[in-house]
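Student: Following is a predicted model, sequence given first.
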Amino acid sequence: MKRWFAFTLLYVASSFLLIPNISPYFGRVQIKESKSIHAHSFFTKLLNRNYVTEEMNQVITNVAVQLQKEYSGIKVMYLDANFPFFDSFPLLPHLSHNDGKKIDLAFTYEETNGALTNLKKSRSGYGVFEHPNNKGLDQTTKCKKQGFWQYDYSKFVTFGEINNHLTFSNRANTRLINLIASHPKVEKIFVEPHLKHRLKLKSSKIRFQGCRSVRHDDHIHVQIH
């Protein structure tokens, strides 16, 4: 019991006091939270999955500030980013979150009265999908028919569905994605094809991630040059 307590104390102290001061030597910084940007889950920070390059930190900060100017009180809520050290070290289960230049952002939702909220629909931020309303754009079915069984496996990592009354906000998510796409340092954005169609997103930066990945109608994947 004493060993477990000592390990826990050392781990927490390292995560919140030591690692944030060491990570810049490896080209990573801890995401700077503010009134406009925040982690969806405390465990993202506890597990040190909240590190990015300084450039990425500036990008998401700029986007978050602009979004809140337009939608008062609404924050950019981030999910998984990267570990604090070493390029090419995998951030499982992600395929590419290994260089500080990638981050997942949560969608924005509306209350039953149409008011925007910072609440989400799963405890992890992943796994509660905004399903296609056009069968022709059902990429999940297409990928799974091709043998990519893992394409919707994130439904198993919600850690509990919550706030089932919320609905996907077309207006806020359109604006958020367009703000990200307009930033010159952003290279790619992954969302499902049916959402790109529904939200009338035109930027060439908004792409389909491929069937080897997982579906992206529960979050937004952003990467910079």
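Tutor: Nice, I can see it. Numbers count the residues shown, from 1 in each chain.
Student: For burial, what's the neighbour tally of residue 110?
Tutor: 18 (other Cβ atoms under 10 Å). Every C-beta, even on glycine, is put in place using the N, C-alpha and C of the backbone.
Student: Tell me the pLDDT of residue 86.
Tutor: Confidence at residue 86, expressed as pLDDT, is 88.
Student: How much space separates it from residue 78?
Tutor: To residue 78, residue 86 is 21 Å away according to Cβ to Cβ, to the nearest Å.
Student: So for the two, which residue has more residues nearby?
Tutor: residue 78 (27 against 13).
Student: Identify the residues contacting the most centrally placed residue in the chain.
Tutor: By Cα atoms, centre = their mean, the chain has its centre lying nearest to residue 104, at 2.0 Å. Contact analysis of residue 104 by Cβ atoms under 8 Å, 6 or more residues apart in numbering lists 78-81, 97, 125-126, 219-222.
Student: Ok, residue 158 next?
Tutor: 122-124, 126-128.
Student: any idea which of the contacts of residue 104 is least confident?
Tutor: In terms of pLDDT, the weakest of the contacts of residue 104 is residue 97, which scores 94.
Student: thinking that residue is in contact with residue 89, fair?
Tutor: No: contact criterion Cβ atoms under 8 Å: residue 97 and residue 89 do not qualify, at 9.7 Å.
Student: all helices of this structure, in order?
Tutor: 2-13, 19-22, 42-46, 54-70, 139-145, 170-182, 193-198 (DSSP state H).
Student: In the fourth one, which residues are buried?
Tutor: In other words, helix 54-70. 56-61, 63-64, 66-68 (16 or more other Cβ atoms under 10 Å).
Student: ok, now stretch 160-174?
Tutor: Those would be 166, 168-169, 172-174, for stretch 160-174 by 16+ other Cβ under 10 Å.
Student: just stretch 186-196 next, same as before
Tutor: Within stretch 186-196, the residues that qualify as buried are 186, 188-196, counting by 16+ other Cβ under 10 Å.
Student: Also stretch 200-209?
Tutor: For stretch 200-209, by 16+ other Cβ under 10 Å, it's 201, 205-207, 209.
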